[in-house]
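J.: Fold the stuff below for me.
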Amino acid sequence: MSELFGTLSDGTPVHRWTLERAGVRVRILSYGGIVQSVEVPDRDGRTADVVLGFADLDGYVAHPGPYLGALIGRYANRIAGGRFALDGRVYALARNDGPNSLHGGERGFDKRVWDVAPVGHGVRLTRVSPHGEEGFPGRLRVAVTYTLDGAGALRIGYEAQTDAPTVVNLTNHTYWNLAGSRGAGGHELRVAASRYTPVDAHLIPAGPPRDVSGTRFDFRRARGAASGYDHNFVLDKGVTKAPEEVAELHDPVSGRVLTVATTEPGLQVYTGDQLGEPFAPGDGIALETQHFPDSPNRPEFPSTVLRPGEVFRSQTVYGFSVR
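T.: Take a look at the predicted model:
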């Protein structure tokens, strides 16, 4: 089911699609592929919205910085110095995060209106990113599907093809607050990662991944993650063909549990310390499944290069339960 959600300043209409199955209701916007809301019950059957979002289009346009619920591309996370080399050629990108390029540049996928079509129990979003958009090479055809499975899990499938060598790293930037109202500070997080990526002052990887043992980055057993995290966790499973569970977020008060399964090798955990108005620090936690930051400049990291004739594919599943 779709409805008009608003109109951009240039007259472009934005629509909202509602998916509902197994007691879960999800709303998706054609603007930025944004997950506007996810409504799930607590242990007593009370339903609440467990993601951060705005009630109208103006809110998203006026507050783009947090990337609330949005599709991120062409390259999720940071590329150092807004530059990378591929096949002997250097490409310059928009520097929209200090000296670096972040989340696709000044006008990434999060600020584009996507074409949307219904599919079984979901929607399929498509767009073509032209060669040179935000400095990235190649004409990139992208398709992202949001579906609810029989258990009410939100499944996100990404596909991309290019006509010239390029780099691709796609994710979704939803902030989770399983309480539905109060802050997410009391949530408990578990991540199946024995290593993390240390970063410098600009949040660019500084050296090889490090062991989490004995550090505040050890979430192999569930514990609180109130603040101070914007880091890539190197998932023990690596790149997989099918999604494997890698993380769990739990709100002990409501009993709601979020599980994350993915094919990706990394999980960026961001505790929302700089969300900005109208939100407070720590109101939500982003769990971004992706490849590692600055991979185009780090040959030792899993590759994000996509070439003509290849198909980029990635899947992430957000499951909901209570205990």
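J.: and Trp296, how far is that from Val311?
T.: Residue 296: Pro, not Trp. Look at Pro296 and Val311: by C-beta to C-beta, to the nearest Å, they are 19 Å apart. C-betas here are computed from N, CA, C, even on glycine.
J.: quick one: which of those two has more around it?
T.: Neighbours per residue (other C-beta atoms under 10 Å) separate Pro296 from Val311, with Pro296 holding more: 24 against 10.
J.: burial of the nearest residue to the more buried one once chain neighbours are set aside, as a residue count?
T.: Once flanking residues are discounted, Pro296 sits nearest to Phe84: 3.6 Å by C-beta to C-beta, 6 or more residues apart in numbering. Look at Phe84: counted by other C-beta under 10 Å, it has 24 neighbours.
J.: Surely Phe84 forms part of a strand?
T.: Yes. Phe84: assigned to a strand according to DSSP: H, G, I helix; E, B strand; the rest coil.
J.: And the helices in this structure?
T.: 57-62 (DSSP state H).
J.: longest strand anywhere in it?
T.: The single longest strand within the chain, with elements called by DSSP state E, is strand 312-322.
J.: Partner strands of that one and their direction?
T.: Here strand 312-322 is paired, per DSSP bridges, with strand 154-162 (antiparallel), strand 256-262 (antiparallel).
J.: what comes into contact with that strand?
T.: 24, 38, 40-43, 149, 151-161, 168, 170-172, 242-243, 254-264, 289, 306 (C-beta atoms under 8 Å, 6 or more residues apart in numbering).
J.: Mind doing that once more with 7 Å?
T.: By C-beta atoms under 7 Å, 6 or more residues apart in numbering, the residues outside strand 312-322 that reach it are 24, 40, 42-43, 151-160, 168, 170, 243, 255-264, 289, 306.
J.: Show me just the buried residues among those residues.
T.: Among the contacts of strand 312-322, those buried by neighbour count (16 or more other C-beta atoms under 10 Å) are 24, 40, 42, 152-160, 168, 170, 243, 256-264, 289, 306.
J.: residues in contact with Asp56?
T.: Gly6.
J.: Next one: it from Ser2, what distance?
T.: 16 Å.
J.: Surely Gly65 is in contact with Glu277?
T.: No. Counting by C-beta atoms under 7 Å, Gly65 sits too far from Glu277 to count as a contact (10.1 Å).
J.: how long is stretch 5-17 from one end to the other?
T.: When the termini of stretch 5-17 are compared using C-alpha to C-alpha, to the nearest Å, they are 9 Å apart.
J.: Next, count neighbours for the nearest residue to Ser9 once chain neighbours are set aside.
T.: Nearest residue to Ser9, sequence neighbours excluded (C-beta to C-beta, 6+ apart): Val61, at 7.9 Å. By the criterion of other C-beta under 10 Å, Val61 has 16 neighbours.
J.: how close does Val61 sit to Glu3?
T.: On the measure of C-beta to C-beta, Val61 and Glu3 end up 18 Å apart.
J.: One more: Val212?
T.: From Val212 over to Glu3 (counting by C-beta to C-beta), the distance is 45 Å.
J.: So if I had to pick from the two, which one is more boxed in?
T.: Taking neighbours as other C-beta under 10 Å, Val212 and Glu3 compare with Val212 leading, 18 against 9.
J.: how much space between the residue nearest to the more buried one when sequence neighbours are not counted and Gly238?
T.: Once flanking residues are discounted, Val212 sits nearest to Asp218: 4.2 Å by C-beta to C-beta, 6+ apart. Going from Asp218 to Gly238 by C-beta to C-beta gives 19 Å.
J.: neighbour count winner among these two?
T.: Neighbour count, other C-beta under 10 Å: between Asp218 and Gly238, Asp218 has more, with 15 against 12.
J.: so that one makes contact with Asp211?
T.: No. The pair Asp218 / Asp211 is not scored as a contact, 8.9 Å apart, by C-beta under 7 Å.
J.: Now Phe279. Nearest residue, chain neighbours left out?
T.: Nearest to Phe279 is Leu52, by C-beta to C-beta, 6+ apart, at 6.3 Å.
J.: Tell me who's in contact with that neighbour.
T.: Contacts of Leu52 by C-beta under 7 Å, 6+ apart are 68, 175, 177, 279, 283-284.
J.: out of these, which is most surrounded?
T.: Among the contacts of Leu52, Gly284 has the most neighbours (other C-beta under 10 Å), with 27 neighbours.
J.: how close does that residue get to Gly69?
T.: 10 Å.
J.: And for Leu203?
T.: 21 Å.
J.: Just want to know which of these two has more residues nearby.
T.: Gly69 (27 against 22).
J.: State the number of residues packed around Thr7.
T.: 11.
J.: coming back round to it: pLDDT at the residue nearest to Pro296, what is it?
T.: In this prediction, Phe84 carries a pLDDT score of 98.
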